[in-house]
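S.K.: Fold the following and give me the result.
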Amino acid sequence: MRRQTATSGINPAGSSRALRLDPLSLPVSFDAHDARADGGVRRVELHRERVVLHRAVHGMQMAVSVRVRDFLGVALRGIDDAQMLVLVHRDPSLSIPLGVSSDREEIAAAWQMWSDIFALPLLPEDEAREPAARRRRHNAIRARRPKFLVRRRGGDLLNPANIHQGEREIIARD
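M.R.: Here you go, the predicted structure:
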């Protein structure tokens, strides 16, 4: 693994270079900002087929491996006077920064290149910020019959067609 650059304001001393990863030199390993991780930094390994996130939370080391096809796409987001490329996941904590630039032509070319490399769609800024739709909660067990009633035949007592020929209807009265 090669280290290309550090990200999110954690650049080496004396470096004025913004985050810029090269999509043609994968796999890449770099540090990214993570507000919930210990030290505010997570380690990202970016491959063509998967992304591995290494971080420590409250002293617990973890590595999360996510397939690239599980990401929604490559988004272009505006930050101050620059543009930022992000590999967007449904879970915002799994989104990966790919590059920052103030040159519009350069960021547009990188946006298309990352999309082609990962075979993911280009997501415009407004679409990428849209939250994922909530899943409907459905309790499949609630509609089931109790176990002792499953053995019994269900029927409609008010329908006279349920009374078989030759049988009498028995009505019990107090």
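S.K.: CA-only coordinates of the helix or strand containing L98 in PDB, if you can.
M.R.: Element membership for L98 (DSSP states H and E) is strand 96-101. C-alpha atoms of strand 96-101 as PDB (Å, rounded to 0.1, in the frame of the first residue of the first chain):
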ATOM      1  CA  ILE A  96     -15.100   8.400   2.000                       C
ATOM      2  CA  PRO A  97     -13.500  11.700   0.800                       C
ATOM      3  CA  LEU A  98     -11.700  11.300  -2.500                       C
ATOM      4  CA  GLY A  99     -10.400  14.800  -3.400                       C
ATOM      5  CA  VAL A 100     -10.700  18.500  -2.900                       C
ATOM      6  CA  SER A 101      -9.900  21.200  -5.500                       C
END
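S.K.: What is the neighbour count of S102?
M.R.: 12 (other Cβ atoms under 10 Å). Placement of C-beta: from N, CA and C, glycine included.
S.K.: Relative to A82, how far out is it?
M.R.: S102 sits 4 Å away from A82, taking Cβ to Cβ, to the nearest Å as the criterion.
S.K.: try A32
M.R.: 17 Å.
S.K.: More neighbours: the two, which one.
M.R.: Under the neighbour definition other Cβ under 10 Å, A32 and A82 were set side by side, and A32 has more, 20 against 16.
S.K.: Show me what the strand or helix carrying the more buried one packs onto, helices and strands only.
M.R.: Assigned by DSSP H and E, A32 belongs to strand 28-33. Packing partners of strand 28-33 (3 or more Cβ pairs under 8 Å, 6 or more residues apart in numbering; DSSP states H and E): strand 2-3, strand 41-46, strand 96-101.
S.K.: would TSV of those strands with distance to L122 and mean pLDDT be doable?
M.R.: Putting the helices and strands packed on strand 28-33 into TSV (distance: least, Cβ to Cβ, whole Å; pLDDT from 0 to 100) gives the following:
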stretch	distance to L122	mean pLDDT
strand 2-3	26	46
strand 41-46	18	91
strand 96-101	12	87
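S.K.: Reformat those strands as TSV; add distance to H89.
M.R.: Compiled in TSV, the helices and strands packed on strand 28-33 are given as follows (distance: least, Cβ to Cβ, whole Å):
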stretch	distance to H89
strand 2-3	23
strand 41-46	12
strand 96-101	8
